[in-house]
Structures are given as structure tokens and as C-alpha cells.
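Novice: Quick one, structure for this:
(chains A and B)
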Amino acid sequence: MILIALIGAHGGVGVTTVTAQLVTVLNQRGLRVLAVDLSPSNDLRLHFGMALEDRSGLALQFLQQAPWAEAAYRGMEGIDFVPFGSLTLDQLVAMDGATQKDPQWFLGQLKRLDISEQSWVLCDCSQGIYPFQAQVVQAADMVIVVLNSDTQSFVKARTTQLFPLGDQPAASYLLLNQFDAARELDRDILSLVRLAFPTQLIPTIIHRDEHVREALASKRSLLAYASSSQSALDFAHLGAWLTDWTPGQREVA
Amino acid sequence: MDILNRCQLWLHDRVHLWAPEPSRSLGEWLLILLVPAQSRVFFRRLWGIGLPTLFPQISRNKFHLADPLRILLQILWLLLLLFRVNHPPASFKMVFKKFQQPMARILRRWLSILLPTMARHRFFSQPTRATHALRQELARFLESDNVFQRWWNHRLVRVSGYLLATWMSFLCISTPFDTLSQLIFVMVLLLIALLIRPIPGAPVTLLLTVLSAVASTRYMWWRISSTLNWDESVDLIWGMILMGAELYTYIFLILSYLQTSWPLKRPAAPISIELSEWPTVDVFIPTYNEPLSVVQSTVYAAKGMDWPQDRLNIYLLDDGRRDQFREFAESAGINYLIRPDNRHAKAGNINHALPLTHGQFIAIFDCDHMPTRSFLQVNMGWFMRDPKLGLVQTPHHFYSADPFERNLGIFGKIPNEGALFYGLIQDGNDLWGSAFFCGSCAILRREALEAVGGVAVETVTEDAHTSLKIHRLGYTSAYINIPQAAGLATESLSAHIGQRIRWARGMAQIFRLDNPFLGKGLSWAQRICYGNAMLSFFSGIPRILFLSSPLAFLLFHAYVIYAPAISVVLYVIPHMIHATLINSRTQSRYRHSFWAEVYETVLSWYIARPTAVALINPGKGKFNVTAKGGLVEQEYFDWTISTPFIVLILMNLSGLVAAGLRIAWGPQDEIPTVIINLFWTLYNCLILGGSLAIASETRQMRRSHRVSLTLPAVLQLEDGKSLHCMTEDVSEGGVALQLGVPVTLAANQKLRVSLWRGDEEFSFSGTVVSAHNKRLRVQWAFKTSAEAAQLVQCTFGRADAWVSWEKNMQHDKPLASLGEVLRMGGNGYRRVFDRFVPEQGRVRQLWRRTRSQADWLLPQTPPPFKWISP
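Specialist: Residues are numbered from 1 along each chain as shown, chains lettered A, B, ... in the order given. This next block holds a predicted model:
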């Protein structure tokens, strides 16, 4: 099992979208993939066509002491995913506290899913500030930090706040999302990130593309909605890069 | 069976093979009766189709008196097709192939024993082009202590070997033969050449060169010793003149063999020193009257070169002293230099800048030559290795079509005029340490340039003269045959010829003022390389003589070659075949067989006079700037340029008439001579026709040339959507894109296109010109000059921009090339006819009628057939 945690440098950089697209691409490349949503906003399910009124998810299962497997779904294009579930504020606080007490919670749950060796598990960890998200980050074979080409992202990337809870993960990479070559600042930030993180920046840059939003609105995957869009190509390249990556190569942050 | 029955059967047999049609015309009956049953069956089995399809032009309803003739012609035509279907490869070739391979194997074995021994010698120890296998064999032999080698190392053996070879070549060249012996000798030489031709590698190239040299020398020997008529003064004068021309060609040929015997193919050398110690480089971009748009791109590309920015200074040397250029230079952040006068043109311009600048190296680019970003890094390495290296030259690559290419429609398919020089000759020169400076796309060591007192100003080809001076001082030169800069070709034929006139005049001036064969400081090989470069420009007068000498016999009955026709054939044909074989082998990618005739013929008249004048009075003549970046706005026929050719054509046509008269009414025993001269004249007519085709200038559509480049790009639409696409061609004016999906975009809609320069991505604003299905044409709408600069750096400044340029170039096939050149000559006449004979005039009508009647009568090829094996 290859566990990949995706976290955002700050809010709104597009972690959920990247996770959804990456899972789709890997699935299309014929790999066994599972997407796990660990973001309390519970948005990943939207990318896979889950019904809105369905509130179930792994967090609710946890609070009810029930196994995850019952919360797993098979969504659009045959992609397996586990939604987070819609929690009330009290429930979230309870979950926060409970997972803090049990640092092995996530790995234990994952083991119970009985996932095969060759499978890829991608976790959307939003900004990695909750203890259950930090558990994933620490356990992951690879952490992809999603950036935007803006000042906040760069500052975050330069300071140590990327992983606010716990130790540095095994291998961490930076992914630049929503890049627009027409904007001078975007080009400058990209150059700066390249200089600062020559080995960590993933060579594929995801372009800002209206097709991504439209694909979600039309409830289709990006590849099915606009296969010749630039973003679809970028995600395909990203998928190829990731498939090529083996847990052996570790780039320590 | 009675006779009637038999007749009926016969008729039935004939009829039932025919398509079952109830009513038949007389024409059809005729067909049935004329084409024998057997062959009808045969045709049917061959093509699986019926006779009506085989005889498409025969009407089924109407009989025409000429039908029997048409059927007969068609049958002949079908039989011809049949022959081609049944025996696709010519039978002779098949037989020859059968013998060729085992023979080649045996020869290869011999060579592999003999050649390594020679290869031990210093001369051959240069990087070889031999195939891998041969090279390995070579290496094995070099290591092994073989007996030949020990012998060869002995001085006595070596010297006597050379003496023996000389003596034998002398025998080959000078032994007089009767016709039969000469025939046998020629056939043996030819057979050897054809047998070893398929073996790759430089040693075989050298062997073929030797064969060609022997054939040509034998021809010249025979010409001098036994073809001059010393008794007739008219014949003697004509004969001497023609022989002088042939002697010139012969000397040039032999020297060229030496010059290009082993092209060095020098690779780029890595820069071996620390980044902090890289030397300073000044980039000079001299300009005089070129438009700003041309210069802009060059400056942007030069700014994009990968070199430490604090050690790269770019200077725009403006002899036009234009304010617009000064402002541009300021905005682009480069230096701008002017001088009060324009003395010595480009050379003076550079010399003026020399004391004002201080870089250790000087890179010079003509103002239209855009360098790629890798230019300096690829070329500077050799300077670090060799402190005496005075200059590095790279090829001049042109991304627009020169007038030859444009008017003949051969751009990108057949190597252009300059390809031979930059592809082969310079690489050949480099082996002998005499690669020339060509004025642009080169780097000079300041020390060397200052040692010779700056760029030479005594002649109008300042570049070659400067490098000659540099070589005389003991500096070396290098040639790196990787196109890393590209420029504009001359746009009109007159401008092109003007440029060549300048080169010819300048080379003749150097030949007079600073003759490479004389003076100090050069090796004998350098003298030959320089001398031959100059000799090549004296080809004008000999070429005109070749174009007119058959007339001496046909019109004036002068025996210029005083020999029986059969001897002429037996001596001159091998000379030509061997030269073509070896040239086609070495020049395959740079000059196709027989194209030199076309290029030289067009220039001949124009370089004849300036070279002659410059030889007599080298002080005359001035530097003329080659016009570039202009536009041939209308189709026209260049009468001024083509007048001499038209005169020559008329002379040759009169020669053809005379030949006809001589065959009809002349003495019997002269007919073979007449026929030889007739063929020569016909050949001349067709070659001259080629120059007519070149002189009819076709319209040049746009000012900025579209360069085909396939690069990934992103199309950003106004609504925020981004589409992946590939560029098809790029120019300073716009871009053509190939998308993955059809797009519907209105004209003039705004959009952006982004391109990459390495890792960096840049976005360019543009508007839609047209969108058809998946193809989109965009016109740039740049708001800032930075965008223009980035575009140049993303496209023409890429390191790989011109590397794969030749991939669509056809390889030379001598016979096909001959056909192409002759066909093009014919085309020249047709173009002139089309242009000058009025569309509605009587001549055209007559022509059309003749053609349609000929079409009616002549056989037609049946539609595609399927093969049914009998």
C-alpha cells in the first residue's frame, strides 16, 4: 500500500480538486486506488457524484464505533472513496479529542480495510491542522503540499509551518496548482519556488483552467468533460510522474 | 466440324469474353476483332477487369477512323505497363545485385586488412565516419601486431609503396589505348566503383575518390595529348579555349577532392573551467539599412543567450545612425555604437567598435541572424582547450526560402546553394585547419583579431580575408557544424546575385592582393583550401564556354575536340560518371547531383565580369549591402537578370536547328559527332531553362516568415478555459496551432497563447485570424516589447530550434536528380510560355487544340487494377 497525503499550504488552494483528479487519473492508468477524505468540509464526495443528503462517512462511523468499510462508496467511473461525513461542531470536537488520544487511530482503521500491497491510498487532509490529519501526514509514504502561485503559499512553503503538528513526513513534494502564465506574479513565484525547492517541486505544474470548475458543475470527471484541456493534460502528467515514483526515493523536507 | 461452325465458334469465343452488351458499335466490334483472344484472356487475368476498362478512350457508340491507331497505341502502352508489373526491378539490376553482395563482402575483407595499416598513419587517425563494425575491425587490427603493419612502418616499404602507387597511376593515366582496350579499361573501373559503392565508411569514399581522380586525369591527359588539331588554326583556337575551361574544372575537382577528403565533423567541446572564470564576450550586431523589426528579433535572441550576464555585452553597431534604433537599444538594455562615417562598410563598423569594447571574445551576428540560447556555451569550449584558437565558425542557416528555393519550390526538400559549403566544405576545411570566418555566426578571439589589425578592409569579402590573415599569424580555427543561429535568405534573385557578385569580386581581390598560394605562415593544405575557395568563384567564364561550345561545331564546323565521337564518349563519360558517383556519396545531404549546374549557370554570367575585373584591377568595386527582410510583392519575370540566358538559349536553339540540318544534309561520317553535340546542346538548353524558371519570381506572401516548429503550447481563452495544443508554425507575426478538439472562435477574438522556454512558461496575447476545425491561426497583439523578446526566446532562440531542420531533406539519387534538374529546365520554358503567351491569343488556342488532339490519340492508363495471378 502506498499512502499519499495531500495537504494545502493554505485554504482554497485546491487540495480536494487535486485529490479527486489524481485519483481519477491513477484509476485510469489501471491502478487500484482509494480516496479518503479527511477534511471536515466533506467535499471530496462531490467529485464522485455522491448524493448531497447522504451524511454518512468515516467520522460518523468512528463516533458510532463502526468500521470504515461500511462508509466506503464506489463513485463515478468506478472509483472507490471514503467520505468524511457531515459532522456537527460538537461531533467534530469529540472526534478531535478522541483521535488525539489514539495516535494510531488512522493506521489501525486503514489496516482493518485490508487493502492490497499494490494499492494507492490518497488522503485529502485539507491543511493538516487536525490531529487525525496529522496522523496521516506522519504515516504517509509521500506528502504532496499543494501551493498556489501566490505570496501566502510561498511564505508558508518557506517557513516551517507546513507541518504544524508533529514531525516531518517521509517524503514531501510541492505541487503548484492554478498557475497562470499570463500573470507576472505567478511566473515570479514559480521561479522563486524552483530556486528554493529545486528537488521538491513536482515538475508538472497544474494550470489554472475554467474546465476544472465546469467539470465539477457538470458532475463529470475532468478527463471525460474536457480531455484536451490543459489541466487534464497536466493531471495526466502528474499521474505519470506519481506512478513512476517509488516509496524508496525519499526527499526529506 | 464444318467451316461455318468453326467460324461461329471463333466468333463466339471472341464475343463471350466481351462485356455482355446487346448492341455493339463498329468500334467495339473492331476492338473484339483486333485484340486476339489469348491476350484478352491474359489482360483480364492480369487486371481482373474487362476490355472496356482497358481501352477507356474507345467510344462504344461511335466509330472513328483513327480508332485502329488508337487501339494499337493503347495495346503498346498496356504491354509496357505489363512489363513493369511483371518485372518491377529492371532485370539487369537484379543480376548485378546478385553479384554485388558477395563481391562486396570479399572486398570488405581485403579492405579490412589493408586499410588499418594505412589508418595507422597520422593522416587517417582523425575521427572516422566508418561504420561501427568496420571501426571495430580497424581497432582490432591496430592492436594486433599484424604483418602488414610492421612492413608499413618501415620507411623503405612505405616510400616504395608510394612510388609503386604513383607509377601505377601514371600507367593508368597515360597508357594510350585503342577503342576496345579503353572500353574494357573503363568498364573495369566502373565495375570496381559500383561494387564498392554500397560499403559505408570513409576508406571506401577515399577509394572512390581515387578512381574518379584516375578517370578524370586520364581524360585530361588524353584531351591534351591527342585531341587538339594543330593543323587548323580555327579548330586550335576553339579547342584551346574549351580545354582551358576543362583544365580549370579539372584542377578545381582534384583540389576539392583533397579539400573534402575527410570531413572532420568536430563535436562541441564542454567548457572546462569554473563558472566564475568564464571569459567576457562582446556581441556585435552591425546594421546599416535593415528594418528595425529584423534587428529587434536578433537583439532579443542575443540577449537570451545562456552566459553569465555580467560577462556578456551586446553592441548594436548602427551605420544608419537612426534615432529609432538608439531608442530601441536603450529600451532593450543593450549598448549602441555609431561612428561619423561609413568607411569600409561592415568591416569598418566592427573595427570602429573594437577599441571601444573590451570583451576577451567577440561574437559577430549579421543583424538578421538570431542566435539560439546555446550558441556561446556550445562554441566557447574549444577556445578553452586551445589557446591559439583564433575563431570558431558555425553554419549560416536560413529559415526563409532563397530565390532559388522559392521560385523552384524546393525549399526544405533539396539542399540549397549554401548547404554544400556549410555542410561539407567547411567540415573538410576544418581537418586541414583552415575553416574560414564567414562574417556572421562566429566567435573571434579579440587577441587574434587585434593582431591582424581588425577586420580586413582591403577587399569586399572582409570575412575570408580576415581569417586568412589570422591563419597566417599561426592561429587556428574551428568549425562546428551545428546550426545555432538562423537568418533570412535574400528575398529576390537580383539581390541574391548581387550578394554572390560581391563574394566573387572579393575572393578575386584576395587572390590578387593576398594570394594564399604565396606569402608566409600557411601550411600547404591551408593554401589549397583557401585557393580552392577562390577558384570556385572563377567558374563563370568556363561555365559560359561549356554552355556554348557545342555551337562551335554545329554552327561553325570547328572541331573543338579533334577525336572520333566514340573516343570522346569513352573518355568523357567515365570522367563524368565517376565524379557523379563520388560527389553523390560525399555530398548526398548537401548538394544533389547536377544541381551545381543549375546554381552555377545562373551565376556564371554575373560573376564572370567582376572576377575578371578584380583580377586585373583589384581596387575597383565597393561593398554592397545584401537586402533582407523585404518582400517580393508581385510576380514578375526578371528580364534584366535573364537576358544573358535568353541569348544563350537562342544560340543553343539555333545550334539544334543546325544539328538537324547537318544530320539531314551533312556528310554521313559526321553524324556521330553531330549527335554528341546535339545531346550536349539539348542538355544545355534544359539547364538554361532552369535559369528561366528561377528568373520568374513568384510572389512572396508575407513579410514575417512562418517557420515550422512543433512545440507544446497552451491556448488560454477569454473565459478562463485553457486548452492544450501544439504549434505548427511560428512567425514574428503570429502562430498556427493544432488543437485536440475543434474550436469555434470568432475572428478578432482575443486570447493568449503560452509557450515554454525550458522550464519557464510565457504567455503571449493575440487575436484569432481564423479557426477551421482543429486548426487555429492567431495573430500576435503584443502590448509590450517584453512579449516580443520572450517570443523570440521561446521559439527561434531555443537550443534545438534548427537542429532537426534537415529531416525532410531527400537524399541524393544521381539519376533521379538528373531527371529532376532536366524536368525543371523544361518547366522553365513552360513558365515563360504561360506568362508571355496571352491566355486568349491564337497561339494558345492552337496549343490547346494540339494538346487535346494529342490527348485523344495517345493511350491512357487504365484505372487501378488488382492482380490476379495466372
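
Novice: tell me the mean pLDDT for stretch A:39-57?
Specialist: Averaging pLDDT along stretch A:39-57 yields 89.

Novice: Is the residue in the stretch 351-500 of chain B positioned nearest to chain A in a helix, a strand, or coil?
Specialist: Nearest residue of the stretch 351-500 of chain B to chain A (Cβ to the nearest Cβ) works out as residue B:373 at 16.6 Å. Where you see a C-beta, it was placed from the backbone N, CA and C, and this is true even at glycine. Of the three states, residue B:373 takes coil under DSSP: H, G, I helix; E, B strand; the rest coil.

Novice: OK, contacts around it?
Specialist: Counting by Cβ atoms under 8 Å, 6 or more residues apart in numbering or on different chains, residue B:373 touches B:304-306, B:757, B:793, B:797-799.

Novice: one more time with 7 Å, if that's ok
Specialist: Listed by Cβ atoms under 7 Å, 6 or more residues apart in numbering or on different chains, the contact set of residue B:373 reads B:304-306, B:793, B:797-799.

Novice: shaky segments in the chain?
Specialist: Since no chain was named, I'll use chain A. A:160-170, A:247-253 (pLDDT under 70).

Novice: my bad, the chain I had in mind was chain B
Specialist: B:1-54, B:59-62, B:80-101, B:108, B:111-149, B:620-634, B:699-703, B:861-870.

Novice: excluding its backbone neighbours, what's nearest the closest residue to chain A within it?
Specialist: Here chain B gets closest to chain A at one residue, residue B:740, 2.8 Å apart by Cβ to the nearest Cβ. If you skip the residues right next to it in sequence, residue B:740 has residue A:228 as its closest partner in space, 2.8 Å away by Cβ to Cβ, 6 or more residues apart in numbering or on different chains.

Novice: Next one: the one you found from residue B:439, what distance?
Specialist: For residue A:228, the distance to residue B:439 equals 46 Å [Cβ to Cβ, to the nearest Å].

Novice: So the two - more neighbours on which side?
Specialist: When residue A:228 and residue B:439 are compared for neighbours, residue B:439 comes out ahead with 24 against 17, by other Cβ atoms under 10 Å in any protein chain shown.

Novice: quick one: which helix or strand includes the closest residue to the more buried one other than its chain neighbours?
Specialist: The shortest distance from residue B:439 to any non-neighbouring residue, by Cβ to Cβ, 6+ apart, is to residue B:463 (3.6 Å). Using DSSP states H and E, residue B:463 sits in helix B:462-472.

Novice: can you give me the strands for chain A?
Specialist: Taking DSSP state E as the test, the strands found in chain A are A:2-8, A:33-37, A:73-74, A:80-82, A:120-124, A:142-148, A:172-177.

Novice: I'd like to know which of these lies nearest to residue B:391.
Specialist: When those are compared by Cβ to Cβ, strand A:172-177 sits nearest residue B:391, at 44.8 Å.

Novice: what's the angle between the closest one and strand A:142-148?
Specialist: Going by axes from the mean of the first three to the mean of the last three Cα atoms, to 10 degrees, strand A:172-177 is angled at 30 degrees with respect to strand A:142-148.

Novice: So what's the residue count around the spatially closest residue to residue A:103 that is not a sequence neighbour?
Specialist: Nearest residue to residue A:103, sequence neighbours excluded (Cβ to Cβ, 6+ apart): residue A:135, at 6.4 Å. Number of residues near residue A:135 (other Cβ under 10 Å) recorded here: 27.

Novice: doesn't residue A:79 make contact with residue A:24?
Specialist: Yes - applying Cβ atoms under 7 Å, one finds residue A:24 in contact with residue A:79, separated by 6.4 Å.

Novice: ok, the two, which is more surrounded?
Specialist: Comparing residue A:24 with residue A:79 by other Cβ under 10 Å, the one with more neighbours is residue A:24, at 26 against 21.

Novice: What about the nearest residue to that one once chain neighbours are set aside, how many residues nearby?
Specialist: With sequence-adjacent residues excluded and distances taken as Cβ to Cβ, 6+ apart, residue A:24 is closest to residue A:221, at 4.8 Å. Per other Cβ under 10 Å, the neighbour tally for residue A:221 reads 27.

Novice: ok, residue A:221 - contacts?
Specialist: Contacts of residue A:221 were listed using Cβ under 7 Å, 6+ apart, and they are A:24, A:76-77, A:215.

Novice: Highest neighbour count among the residues you listed?
Specialist: Counting neighbours by other Cβ under 10 Å, residue A:24 leads the contacts of residue A:221 with 26 neighbours.

Novice: hmm, what's the outermost residue in chain A?
Specialist: Among residues of chain A, the one most distant from the C-alpha centroid is residue A:184; the distance is 27.7 Å, by Cα atoms, centre = their mean.

Novice: Quick check: the gap between it and chain B.
Specialist: Distance, residue A:184 to chain B, by Cβ to the nearest Cβ, to the nearest Å: 10 Å.

Novice: Contacts only, for residue 210.
Specialist: All of this is about chain A. Residues in contact with residue A:210 (Cβ under 7 Å, 6+ apart) are B:719-721.

Novice: Same list, those, but as JSON lines with secondary structure please.
Specialist: Below are the contacts of residue A:210 laid out as JSON lines (three-state DSSP):
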{"residue": "B:719", "secondary structure": "coil"}
{"residue": "B:720", "secondary structure": "coil"}
{"residue": "B:721", "secondary structure": "coil"}
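
Novice: What segments of chain A are helices?
Specialist: With helices called from DSSP state H, chain A shows them at A:15-28, A:44-47, A:58-63, A:89-101, A:105-112, A:131-139, A:151-158, A:184-196, A:210-217, A:222-225, A:230-244.

Novice: Other residues contacting the longest one?
Specialist: Residues from elsewhere that reach helix A:230-244 (Cβ under 7 Å, 6+ apart): A:21-22, A:25-26, A:29, A:31, A:202-207, A:209, A:211-212, A:222-223, A:226, B:714, B:722-724.

Novice: Could you give the separation of the helix holding residue B:463 from the chain centroid?
Specialist: Centre-to-centre, helix B:462-472 and its host chain are 26 Å apart (Cα atoms, centre = their mean, to the nearest Å).
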